[in-house]
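Asker: below is the sequence, then the predicted model.
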Amino acid sequence: MSVSYMTHPLIRHKITLLRKESTSTNEFRKLVEEIAMLMGYEALSDLETLAVVPILRAGLGMVNGILALVPSARVGHIGLYRDPVTHEPHEYYCKLPEPIDQRQIVVVDPMLATGGSAVAAVDYIKEHGGQKIKFMSIIAAPK
């Protein structure tokens, strides 16, 4: 497993705007889409047959940025919720494009905190036959 850090000046600038308390919801959504598109150039450098799978609902904001680069990509969805007591993620919805085992899958979620939802989403995709999986996030909390 490898982690890539995107340090392009445009990405760094847009993340700065994203983090401002004064950033409106509409501006936040637009910035997430723009950052996803900029990140996509690097994340998709080994592109094959692509499927984009957002973790509902926040991941939806990154889908159009990826589709702007790869309009032919198929889109699936994974819905997760956290148990209020155990804080463990649980799947409530999973719809993946077929044949999932032959696609490069990019799971998208703009915010990564504990990583529990990300790991659960990747595990569910593997359970459904996915093999080539990347996870793309914009902001990750420190360990």
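Answerer: That came through fine.
Asker: who does the helix or strand bottoming out on mean pLDDT in the chain pair up with?
Answerer: Within the chain, no helix or strand scores below strand 139-140, which has a mean of 76 by mean pLDDT, DSSP states H and E. Here strand 139-140 is paired, per DSSP bridges, with strand 111-112 (parallel).
Asker: quick check: bridge partners of the residue most central in space within the chain?
Answerer: The chain has Val108 as the residue nearest its centroid, 0.8 Å off, counting by C-alpha atoms, centre = their mean. Applying DSSP bridges to Val108 yields these beta-bridge partners: Pro54, Met136.
Asker: hmm, Asn64 and it touching each other?
Answerer: No: the pair Val108 / Asn64 is not scored as a contact, 10.7 Å apart, by C-beta atoms under 8 Å. All C-beta spots, glycine's among them, are computed from the backbone N, C-alpha and C.
Asker: between these two, which contacts overlap?
Answerer: Common neighbours of Val108 and Asn64, counting by C-beta atoms under 8 Å, 6 or more residues apart in numbering, are Ala36.
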